[in-house]
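Colleague: Below is the structure, and that's it, no one-letter string:
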């Protein structure tokens with residue numbers, strides 16, 4: 001009986017958050033261990049389905065770097081990184097698109113649908129809803145930065161009761177152009193801002209943003225983030241993630257979160273509990 005009562009208490013604790021987020025769009029950047037562990041993948045799918053069933057409008061943006069590296073290695077195609085970012089040659093771009101759209105996106109859509117969701121896979125070339133230009137005048141080849149998001153394309157999918165699953169490939173708009181490889185974190189922030197998301201959540205393999213002693217910082221403002229970047233407390237791969245968070249909130253998203261996707265039901269813990277998990281970033 002105690003277990004049953006505890007279950008009811010848990011549901012009641014979630015009630016105010018379900019009310020708050022009902023009919024609101026939540027963008028989830030799906031990546032890290034949550035995208036590779038079979039156990040975590042199944043729990044992620046159930047979490048997204050639960051969000052949908054209680055009236056939240058989830059939108060998934062995914063990466064796929066490790067799978068791209070694996071395929072490039074198998075095909076013996078060299079790949080180069082500058083400042084931690086991939087240089088996307090035309091040959092690499094073919095593999096990036098093949099892996100992100102043909103493998104990873106399809107797998108996530110199939111995973112969600114197998115648990116009862118109505119997921120719909122798209123990439124930025126579809127209806128040219130993501131338009132991009134070369135990053136830093138082509139220093140990284142076909143690695144691009146998004147300059148425009150056709151929000152109505154995603155809104156139509158949401159209105160038709162689908163869960164959009166987005167591969168971060170963008171169009172150039174010119175006939176015959178191979179398109180652009182977009183950083184998935186930055187794609188998630190751009191899309192979240194453009195479609196009026198209430199919240200954007202970045203799933204990572206870290207507990208969140210850590211201070212100089214390695215302790216979790218549960219809440220940060222944009223000003224504090226900039227100070228931590230300046231003194232190098234925030235460094236390496238965490239920099240583009242906090243930059244993506246800041247870009248999202250500057251574009252109108254109320255809150256951005258960096259959470260540990262290695263924790264089971266990480267999204268639900270963030271959305272439906274008073275304490276949440278990870279690091280919350282606001283203006």
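Modeller: Sure, I can see it. A quick note: this is a predicted structure, and the numbers were derived from the prediction, not measured.

Colleague: And residue 277, how close does it get to residue 258?
Modeller: 10 Å (CB to CB, to the nearest Å). Bear in mind the C-beta positions are built from the backbone N, C-alpha and C, glycine included.

Colleague: Residues that sit against both of the two, list them.
Modeller: residue 208 (CB atoms under 8 Å, 6 or more residues apart in numbering).

Colleague: So between the two, which is more surrounded?
Modeller: Ranked by neighbour count (other CB atoms under 10 Å), residue 277 and residue 258 place residue 258 first, with 29 against 22.

Colleague: Which of the helices or strands spans the more buried one?
Modeller: Using DSSP states H and E, residue 258 sits in strand 255-260.

Colleague: Let's test this: mean pLDDT of stretch 248-260, rounded?
Modeller: Per-region confidence: stretch 248-260 scores 96 on mean pLDDT.

Colleague: rewinding a little: buried ones in the strand holding residue 258, by neighbour count?
Modeller: 255, 256, 257, 258, 259, 260 (16 or more other CB atoms under 10 Å).

Colleague: For it, name the packing helices and strands.
Modeller: For strand 255-260, the packing partners by 3 or more CB pairs under 8 Å, 6 or more residues apart in numbering; DSSP states H and E come out as strand 199-204, helix 238-250, helix 266-272, strand 279-282.

Colleague: now, of these, which is deepest in the fold?
Modeller: Mean neighbour count, computed with mean count of other CB atoms under 10 Å, is highest for strand 199-204 among the helices and strands packed on strand 255-260, reaching a mean of 27.

Colleague: so after that strand, what's the next helix or strand?
Modeller: Defined by DSSP H and E, the subsequent element after strand 199-204 is strand 219-221.

Colleague: so how far is that next one off the chain centroid?
Modeller: Mean-position distance between strand 219-221 and its chain equals 19 Å (CA atoms, centre = their mean, to the nearest Å).

Colleague: list the buried ones in that strand?
Modeller: Counting neighbours by 16+ other CB under 10 Å, strand 219-221 gives residue 220 as buried.

Colleague: Contacts for it next, please.
Modeller: 209, 228, 242, 279, 280, 281, 282, 283.

Colleague: How about residues contacting stretch 231-248?
Modeller: 29, 84, 183, 185-186, 188-190, 192-193, 197, 200, 202, 204, 206, 209-212, 220, 222, 225, 228-229, 256-258, 281.

Colleague: Residue 17: which of the contacts of strand 219-221 is nearest?
Modeller: Lowest distance from residue 17 to the contacts of strand 219-221 (CB to CB) belongs to residue 280, with 13.6 Å.

Colleague: which residues touch that closest one?
Modeller: So residue 280 contacts 218, 219, 220, 255, 256, 257 (CB under 8 Å, 6+ apart).

Colleague: Nearest to residue 117 among those?
Modeller: Each of these was scored against residue 117 by CB to CB, and residue 257 proved nearest at 21.7 Å.

Colleague: Spatially nearest residue to that closest one, not counting backbone neighbours?
Modeller: Among residues not flanking residue 257 along the chain, residue 201 sits closest, at 4.8 Å (CB to CB, 6 or more residues apart in numbering).
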